[in-house]
Every structure is written in structure tokens, then in C-alpha cells.
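1. Show me how the following folds:
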Amino acid sequence: MNIDLRTVTLIYIFVSSIQTVIFAQQYLKNKEAKEIRWWFLWSALLSVSFLLVLMRDTSSFFLRNLVITLQSVFMTGGAASLYIGTVKFFGRKVRYYKHISAISFIAFVYILFTFAHYDPYYRSILTNFYLAFYLLAAAYYLYKRERYKRYSIIPVLISAFLILGIVLALRVAYIAQGSLHPENMFVNHPLNHISYLVLLCTSIIFTFSFVVLLNERLSEKINEAKDHFKLLFSLSPDDIAITRLNDGLIVNINESYSKITGYSKNEAVGKTTTELNLWIDPEYRTRFVKEIEEKSYCDNFEVDFKTKDGRIVSGLLSARVIDINGEKHIISSNRDITELKILEREKLAEAEKWETTFNGISDSVFLLDTEGKILKYNQATEKIIGEGDYIGKHCWEIVHKTNSHFENCPFLRTKASLKRESMLLNVDESWFEVTTDPILSNGVLTGAVHIISDITVRKKAEDELNGSYRELRHMNDIMVGREIKMTELKQEINELLKESGKEPKY
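-> Model prediction:
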């Protein structure tokens, strides 16, 4: 067999360059697949190494030896990259230091047996051994993992690794026996012819197999995503529907849709939402579709629907535009918030009732935070203190017109005692009772209720009562004193009568 191995080398460089471009394109489309980078590196390093093979015949001794060293290092690095990319595709962790150590050892041996002690036999045996080892290790790894057999291309890939590994192992044996001279890689020898042709064919097979692997895994992920979508679609507690964008034709619904609306899948699919009379007000659908068309999505669109039995259901509708067979559809998820709306109305009614009660209190009431800042106040506050915006201000700024705490402040005492504290406040001719009650959560102060009560009338009544009491006491003292004086006078008269020998009169 007489084949021009230089021409085969050029063909291989051209093929591997195309492979490099293919892997680069595959990585740009799917950057999550990190193993593609290693296959790209394998293809690029092999291209450079065989380009260096063509430069081995240079007349410069140093340049020739440098080319030989780099060629072998790149070739070994390419084989390591091929192995790493393959095992990483299947999720195996790689200890990079081992491969770096192996390539570093190759470089050291080549420098030793090229520049220090020229020996092409040791160099070639070592290179071919490492190449054969990586290829056969990859074949063994794929063969032992039964779960990888689900990929149809795996047997082809194993065969390619095995064939090329065996050919390189034969080269080790032939070089060791002296049957194949390692110095001239273009010598007309059957094993050289076989090596080049097998390398060219297996490289094409590797590239084809890796692309097929990527596509099969992508298809597998797509099928898994479809299964997950179907599972989520069917088990979601929210009602989910897929409708045609232009007319609202229902394409598919889940079980929750039937439970909430009352329409079975057979009753709903093939009809429009308008035909099912789901929208209480068609204007809501117009607004919903308009928002979808403008933004391609809609989130938390609140709307009321009518069920099959005439019940009104409040829903929170979210939707996205999707493409099915080239036609725009809406996938919508509607959360039944009927009970929440009822609860909301009840809470709102309670809040309104509380607000009415709060504002109906005749005393001024502040709700304070832990720093004494006003969070809320009632309408009586503006009647007692005056109109103004008191939110965020400290209670002592409003009540006592001071910029800081004052002595005997009931709020400060409440913070310390965690109990009700109060004080009397005299403003002009008016009297107020200021009281603070703590708001506690698990024994910790979270705020306070500050109440200002106008006790002017009560204070005046108390003062009047105290005045009357003083007058009565004075009159009582006068009357009691008079009685005492009369008693003493009568005793004196009796004493005089006794002294005069007469009978006591009193």
C-alpha cells in the first residue's frame, strides 16, 4: 500500500479544524454543557499537533526538537481532553491534577530524551502508551456503566475508542520490537497507514457521536421537561388552561379547572371562554387580552368568573404567551381567591368598625411605637389638641411642646414598669389626665396607648365639692365650739349655786 501520509495529515488537519468549529458552535448554543469545551480543546490540540508533525523536518536542531516536544505534549493533552470531556458528559468528577501530572511528566521525559539524551524510542513508546491508555480507559468506562446504554450511539463510541486504542497499543509493541521506526512518522509502513486512516475515521466518528450524544441528552431533557410540565399541569391546585390568543378557544385544561368552573374537559375543550360564559363582564377579557398582546404576559389580574352552576368565583389570573405549531396561545393560571376575598371583606368590615370606634372615642388617643413616636391618632385628638399632622412625631412634642422627655413622663414610666402610668396636666384653665398603657408581646414592649382625657369639668366639680366640705367643716367647728362653751357655762352656774347653798340648776 503506497499512501502519501503527508497528504493524509493535511486532510486530517482540515477535518479536525472543521470539528473544532463544530464544537465551538455547539458550545455557543449550549453553554451549560461544559464537556463541549473539552472536546473543542481535544480537536484544537490535535490540529496543532499534526500541524507540528509537518514541521518536524526543519533543518534547525533546536527548532526540530522543540517541535517534537510540543507535538507530543499537545497530542497527549488532546487525548486527556477527549477522555475528560467524555466522562464529564456522564457526570463523573475529574481529578485534574492527575492529568496535569501525566502531561507534565510527558513534557519532562521529552525534554530529557530530546535535548539532554536523544532517544526517539523511549519518547515514542511513552507517547503512544499514554494515548492508548486514555482511549482504552474511556472505552472501559463507557462499557462498565450500563445506565449509559440508553444512548443509542454509545456502542459506536466504545468501538471507536477501542479500535484507536488498540492501534496505538500496537504501535507501542512495534516500536518496542524495533519493527517501526519512530523518527519518521511518514515512513511507508502498513501500521503507519492504518494509524493515520483509523485516526481520521475515528475522529469523524467521535465528532458525529458527541453531537448525537448532545442531541439525545437534549431530547431526554426536553422529554423530562414535558413530563414535569404535564405533572405540574395536572396536579396544580390552580386551574390552568391553554387557550388560543385570537379567539379564546380552549385547547387544554387541568383537573383543577374542572373542579373550579364545573366544566369537564370534554365540555370545555374546543369551545371559547365566551361560549362557556365564564367572563361576567366581556370588558375584562378585552383588557386581559390587550395586556397580554402588549407585554406577552400578565400577572395577578383580578377578575370574577361565573361557574357552570352560576356561582361567582374570584380569581387571580396570571398568563404567558406561548407558541404552539406557529400560532400564539395563552397559558393561564387562575388561583381561586373567593374565600380570601370573603375573609378580606370581613377583615375590612372589622377594620372599619374598629376605625369607627377608635374615632368615636371622646378622649384623645395615640398609638405609639417603642420610641414614643405617634403611629396613629383619632379624630378627638384634633379637637382637644388642635389640627395638625402628628404622625411620626413624639408624643411629648405634641402634648407638652418640648423637644425631649420631661420629668415624670408617663410613657417613660410605662417603658420601665410595663404597667399603666398616669399624670395630671394643667393647661391654662383646663385639666387633663394623661395615661399610657403598654402593648406587650410575650412580655416585651412593642408600643403603647397614650390617652389624654379632658377632666376640667370633673376637676371643677371636685374643687367645688372640696369648698363645700371646707365650709361645712367650718360651720361644724363653730357649732361644736358653741356647745362646748354652753356646757362649760352651765357647769360654772352649777358650781356657783352649790357654793351659795342652793340646788344646781343644770
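2. From now on I want contacts and neighbour counts done on CA atoms only, so please keep to that.
-> Will do.
3. so who does the closest residue to Val269 other than its chain neighbours touch?
-> Nearest residue to Val269, sequence neighbours excluded (CA to CA, 6 or more residues apart in numbering): Ile250, at 5.0 Å. By CA atoms under 8 Å, 6 or more residues apart in numbering, the residues touching Ile250 are Ala241, Ile242, Thr243, Arg244, Ala268, Val269, Gly270, Lys271, Thr272, Thr273.
4. who wins for neighbours among these?
-> Counting by other CA atoms under 10 Å, Thr243 has the largest number of neighbours within these, with 25 neighbours.
5. Isn't it up against Ile330?
-> Yes: Thr243 is in contact with Ile330 according to CA atoms under 8 Å; the separation is 5.2 Å.
6. quick one on the thing from earlier: mark which of the contacts of Ile250 are part of strands, please.
-> Among the contacts of Ile250, the residues falling in strands (DSSP state E) are Ala241, Ile242, Thr243, Arg244.
7. Now the second one: closest residue in space that isn't a chain neighbour?
-> Nearest residue to Ile242 in three dimensions, chain neighbours excluded: Ile331, at 4.4 Å (CA to CA, 6+ apart).
8. strand partners of the helix or strand that neighbour falls within, parallel vs antiparallel please.
-> Using DSSP states H and E, Ile331 maps to strand 327-336. Using DSSP bridges, strand 327-336 pairs in its sheet with strand 239-244 (antiparallel), strand 312-324 (antiparallel).
9. Let me know the next secondary structure element after it.
-> Downstream of strand 327-336, the next assigned helix or strand under DSSP H and E is helix 338-360.
10. for the following helix or strand past that following helix, what is the average pLDDT?
-> Downstream of helix 338-360, the first helix or strand assigned by DSSP H and E is strand 364-368. The average pLDDT within strand 364-368 is 83.
11. Other residues contacting the helix or strand following strand 364-368?
-> Using DSSP H and E, the helix or strand that directly follows strand 364-368 along the chain is strand 374-377. Residues outside strand 374-377 that contact it (CA under 8 Å, 6+ apart): Ser364, Val365, Phe366, Leu367, Leu368, Asp369, Tyr390, Ile391, Gly392, Lys393, His394, Cys395.
12. ranking those by neighbours, who comes first?
-> Within the contacts of strand 374-377, neighbour counts (other CA under 10 Å) peak at Leu368, which reaches 26 neighbours.
13. That residue and Glu433: what is the separation?
-> Distance, Leu368 to Glu433, using CA to CA, to the nearest Å: 17 Å.
14. Kindly report the same for Leu170.
-> Distance of Leu170 to Glu433, given as CA to CA: 107 Å.
15. circling back: buried sites along the strand holding Ile331?
-> His329, Ile330, Ile331, Ser332, Ser333, Asn334, Arg335, Asp336 (16 or more other CA atoms under 10 Å).
16. buried sites along stretch 294-301?
-> Buried residues in stretch 294-301 (16+ other CA under 10 Å): Tyr297, Cys298.
17. returning to what we had before: JSON lines for the strands paired with strand 327-336, including distance to Ala416?
-> Below are these laid out as JSON lines (distance: least, CA to CA, whole Å):
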{"stretch": "strand 239-244", "distance to Ala416": "55"}
{"stretch": "strand 312-324", "distance to Ala416": "48"}
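18. Just say which of those strands is most tucked in.
-> Highest mean neighbour count of these: strand 239-244, a mean of 23 (counted as mean count of other CA atoms under 10 Å).
19. from the ones in strands among the contacts of Ile250, which is closest to Phe108?
-> Closest to Phe108 out of the ones in strands among the contacts of Ile250 is Ile242 (65.0 Å), distances taken as CA to CA.
20. Run a quick neighbour tally on Gly248.
-> Residues lying near Gly248 (other CA under 10 Å) number 19.
21. That one and Phe288, how far apart?
-> Per CA to CA, Gly248 is found 11 Å from Phe288.
22. Quick check: can you list the domain ranges of this protein?
-> Here the domain assignment for the chain is 5-228, 236-342, 361-454, based on automatic domain parsing.
23. And those: which comes nearest Glu355?
-> domain 361-454 (8.5 Å).
24. related to what we said a few turns ago, quickly check the ones in strands among the contacts of Ile250 for the two that are furthest apart.
-> Using CA to CA, the two most remote members of those are Ala241 and Arg244, lying 10.0 Å apart.
25. where do the contact lists of these two overlap?
-> In terms of CA under 8 Å, 6+ apart, Ala241 and Arg244 are both contacted by the residues Ile250, Val251, Ile330.
26. Could you pull up the contacting residues of the nearest residue to the last one once chain neighbours are set aside?
-> Spatial nearest neighbour of Ile330, chain neighbours left out: Val321 (4.7 Å); criterion: CA to CA, 6+ apart. The contact partners of Val321, taken as CA under 8 Å, 6+ apart, are Leu245, Ile292, Ser296, Tyr297, Lys328, His329, Ile330, Ile331.
27. Could you rerun that using 10 Å?
-> The neighbourhood of Val321, defined by CA atoms under 10 Å, 6 or more residues apart in numbering, consists of 242-245, 292-293, 295-298, 328-332.
28. again, but for Thr286
-> Thr286 makes contacts with Ile292, as judged by CA under 10 Å, 6+ apart.
29. for the shared contacts of Ala241 and Arg244, which one is nearest Gly310?
-> Gly310 lies nearest to Ile250 out of the shared contacts of Ala241 and Arg244, by CA to CA, at 19.8 Å.
30. and the closest one, what element?
-> Applying DSSP H and E, one finds Ile250 within strand 250-253.
31. packing partners for the helix or strand that that strand is followed by?
-> Note on strand 250-253: by DSSP H and E, the next helix or strand toward the C-terminus is helix 255-261. Counting contacts by 3 or more CA pairs under 10 Å, 6 or more residues apart in numbering; DSSP states H and E, helix 255-261 packs against helix 190-235, strand 239-244, helix 265-268, strand 297-306, strand 312-324, strand 327-336.
32. rerun at 6 Å
-> Packing partners of helix 255-261 (3 or more CA pairs under 6 Å, 6 or more residues apart in numbering; DSSP states H and E): none among the helices and strands.
33. buried residues in it?
-> By neighbour count on 16+ other CA under 10 Å, the buried set for helix 255-261 is Glu255, Ser256, Tyr257, Ser258, Ile260, Thr261.
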